[in-house]
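have a look at this prediction, sequence included:
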Amino acid sequence: MADSERFSAPGCWAACTNFWRTRKGILLFAEIIFCLVILICFSASTPGYSSLSVVEMILAAVFFVIYMCELHNKIQFINWPWSDFFRTLIAAILYLITSIVVLVEKGNNSKIAAGVFGLLATILFGYDAYITFPLWQQRHTAAPTDPADGPV
């Protein structure tokens with residue numbers, strides 16, 4: 001039992017650390033950090049807007065764990081690229097709307113900081129949606145066609 005745990009731990013650790021180095025891993029980690037910073041800023045000024053940050057931080061953490069543990073390859077009944085694309089697209093739109101509303105309201109410094117970080121999060125989530133979009137496009141390949149002249 002101790003030998004199997006000793007040999008399985010480095011493989012698990014290697015799989016976890018390998019995902020950190022990918023572009024998707026860095027983006028998901030940055031999304032979690034941005035959501036946490038925005039949550040702190042909103043909590044200091046107006047707690048009414050903090051629910052968006054909490055939900056997006058939890059969803060980013062869930063997708064981070066799913067991709068890190070390679071559960072997206074094991075759970076086939078969910079289309080992960082579509083789910084991730086819509087998650088990031090909706091987050092970008094909601095952060096854009098919330099940030100504009102917060103910046104127009106003229107609040108204290110932490111509210112303005114939350115609005116600015118929200119705009120940066122909009123760019124981050126939008127970029128993540130942009131790079132996720134081609135993933136579900138690449139699954140379909142064109143069928144080979146015969147030449148127009150007929151068989152040669």
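Nice, I can see it. Numbering: from 1, shown residues only.

how about the spatially closest residue to I75 that is not a sequence neighbour, secondary structure?
Spatial nearest neighbour of I75, excluding adjacent residues (C-beta to C-beta, 6 or more residues apart in numbering): I66 at 8.0 Å. Heads up, the C-betas are built off the backbone N, CA and C, glycines and all. For I66, the assignment made with DSSP: H, G, I helix; E, B strand; the rest coil gives helix.

list the contacts of I66.
For I66, the residues meeting the contact criterion (C-beta atoms under 8 Å, 6 or more residues apart in numbering) are H72, I75, W80.

one more: G48?
Residues in contact with G48 (C-beta under 8 Å, 6+ apart) are F42.

in the protein, which spans are strands?
Using DSSP state E, the strands of the chain do not appear at all; there are none.

report the residue spans of it with pLDDT below the cut-off.
Residues of the chain meeting the criterion pLDDT under 70: 1-13, 15-16, 134-152.

what's the closest of the contacts of I66 to N18?
N18 lies nearest to H72 out of the contacts of I66, by C-beta to C-beta, at 14.6 Å.

and the closest one, what is it in contact with?
I66, W80.

for it, give its distance to I131.
For H72, the distance to I131 under the criterion C-beta to C-beta, to the nearest Å works out to 16 Å.

what's the answer for L59, then?
Taking C-beta to C-beta as the measure, L59 and I131 are separated by 17 Å.

more crowded one of those two?
Between L59 and I131, counted using other C-beta atoms under 10 Å, L59 has the larger neighbour count: 20 against 13.

ok, now which ones touch that one?
Taking C-beta under 8 Å, 6+ apart as the definition, contacts of L59 comprise R87, A91.

what about the closest residue to E31 other than its chain neighbours, how many residues nearby?
Taking C-beta to C-beta, 6+ apart, and ignoring the residues beside it in sequence, E31 has A60 as its nearest neighbour in space, at 4.2 Å. Residue crowding around A60 was assessed by other C-beta under 10 Å; the count is 26.
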